[in-house]
Every structure is written in C-alpha cells, then in structure tokens.
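Peer 1: Quick one, fold the following:
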Amino acid sequence: MATVKANEILQTTLDLVTGSRQDQNGDKRKNHQNIGNLWTSYLTNEFGKEIFIRADMVANMMVLLKVARTQAGKFNPDDHVDACGYAAIAGEIRSEDNNE
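Peer 2: Numbering: from 1, shown residues only. Now for the predicted structure:
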C-alpha cells in the first residue's frame with residue numbers, strides 16, 4: 001500500500017463532509033443531535049439519572065471511536081478521514097452554538 005499523505009486525508013474529508021455525506025445523511029447538526037437524543041435516552045434509562053448529550057459531543061465521541069479503531073486491526077485510512085470529519089463537524093457545531 002502506498003503512503004497516504006496528510007493532504008490526501010484532509011481533501012477526502014473535505015469532499016465527504018461538504019459533499020456526498022452531507023447529501024446522504026442530511027444536516028450535520030440535526031443528524032448529530034438526533035444521535036445525541038437517542039444516546040441521552042439510552043443512558044438516562046440505563047443509569048437512572050438525566051444525561052444530556054449535545055450534537056457536538058456526539059461528533060467528539062465519534063472521533064474517539066475512530067481513534068480506538070486505529071489501535072486494532074490493519075491500517076485503514078478511512079479511520080483517519082472519518083476522525084478528521086467528525087472533529088470538523090464538532091468544531092462547526094460548537095462554533096455555531098457559541099455565536100447564538
């Protein structure tokens with residue numbers, strides 16, 4: 001396998017986050033907040049106390065999931081592309097929240 005360059009990872013991430021994934025998965029904020037609402041419900045029921053997971057927190061936790069995946073199995077550039085994408089989404093959502 002050829003070496004993957006940082007600019008290739010970032011370009012692929014940019015293409016996905018602003019292109020096909022946006023078209024396929026819909027609005028980033030709505031999608032991540034929906035996931036957060038589902039996780040909130042699951043964790044609140046599981047632990048018996050109310051927990052609220054924001055959209056940006058979902059994206060940050062997905063970064064952690066992707067980092068964990070880099071620690072097992074063979075090298076997969078998609079793990080790094082996805083981690084960059086989720087980090088960018090978290091930053092975008094948090095920035096929007098900060099400006100409201």
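Peer 1: just so I have it, where are all the helices in this structure?
Peer 2: Along the chain, counting by DSSP state H, helices occupy 6-15, 21-25, 28-47, 55-70, 77-99.
Peer 1: Let me have the ones you listed in CSV, extended by mean pLDDT and mean neighbour count.
Peer 2: The C-beta positions use only the backbone N, C-alpha and C, and glycine is treated the same way. Listed next are these as CSV, based on pLDDT from 0 to 100; neighbours: other C-beta atoms under 10 Å:
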stretch, mean pLDDT, mean neighbour count
helix 6-15, 93, 14
helix 21-25, 76, 11
helix 28-47, 95, 15
helix 55-70, 97, 17
helix 77-99, 94, 17
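Peer 1: roughly how far apart are N45 and M61?
Peer 2: Distance, N45 to M61, using C-beta to C-beta, to the nearest Å: 18 Å.
Peer 1: And for T3?
Peer 2: Taking C-beta to C-beta as the measure, T3 falls 29 Å from M61.
Peer 1: what does P77 give?
Peer 2: 21 Å.
Peer 1: How about G36?
Peer 2: The gap separating G36 from M61 is 9 Å, by C-beta to C-beta.
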